[in-house]
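Undergrad: What follows is a protein structure lacking sequence information:
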């Protein structure tokens, strides 16, 4: 279901029907979805998934969307720092941080 949503969203944003999405098309599409990542986060994620041609194919777009969802809008290093901090504060590995853990 998610793949179908990604595919239809990609096709809708691919205004020139090139089979790829340019940065401008991506930014416009994300705004329509109510997603407004900070520009440095978006730039980093694009660099991570792009094969170097400066445009996103569907596979790269899907990977980008997955990263934005998982990282909740943070850069890779920010996300890793938060996970590391959480794990430090959750020594029993319960998936929760209690008052006594802090």
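TA: Sure, I can see it. What you are looking at is a predicted structure, and each value in this text was computed from that prediction instead of being measured.

Undergrad: Provide a list of residue ranges in the chain with pLDDT below threshold.
TA: Residues of the chain that meet the criterion pLDDT under 70 lie in 73-76, 101.

Undergrad: now the helices: where do they sit in it?
TA: Along the chain, counting by DSSP state H, helices occupy 2-13, 23-32, 39-49, 58-71, 76-89.

Undergrad: could I get those as a markdown table with distance to residue 97?
TA: Where you see a C-beta, it was placed from the backbone N, CA and C, and this is true even at glycine. Listed next are the helices of the chain as a markdown table, based on distance: least, CB to CB, whole Å:
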| stretch | distance to residue 97 |
| --- | --- |
| helix 2-13 | 29 |
| helix 23-32 | 31 |
| helix 39-49 | 25 |
| helix 58-71 | 19 |
| helix 76-89 | 5 |
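
Undergrad: With mean neighbour count and distance to residue 100 as added columns, please give those in a markdown table.
TA: Below are the helices of the chain laid out as a markdown table (neighbours: other CB atoms under 10 Å; distance: least, CB to CB, whole Å):
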| stretch | mean neighbour count | distance to residue 100 |
| --- | --- | --- |
| helix 2-13 | 14 | 38 |
| helix 23-32 | 15 | 40 |
| helix 39-49 | 15 | 34 |
| helix 58-71 | 17 | 29 |
| helix 76-89 | 12 | 11 |
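
Undergrad: middle-most residue in the protein, spatially?
TA: residue 68 (1.7 Å; CA atoms, centre = their mean).

Undergrad: Next up, the contacts around that residue.
TA: Applying CB atoms under 8 Å, 6 or more residues apart in numbering to residue 68 gives the contacts 35, 37, 41, 45.

Undergrad: Done for today, thanks.
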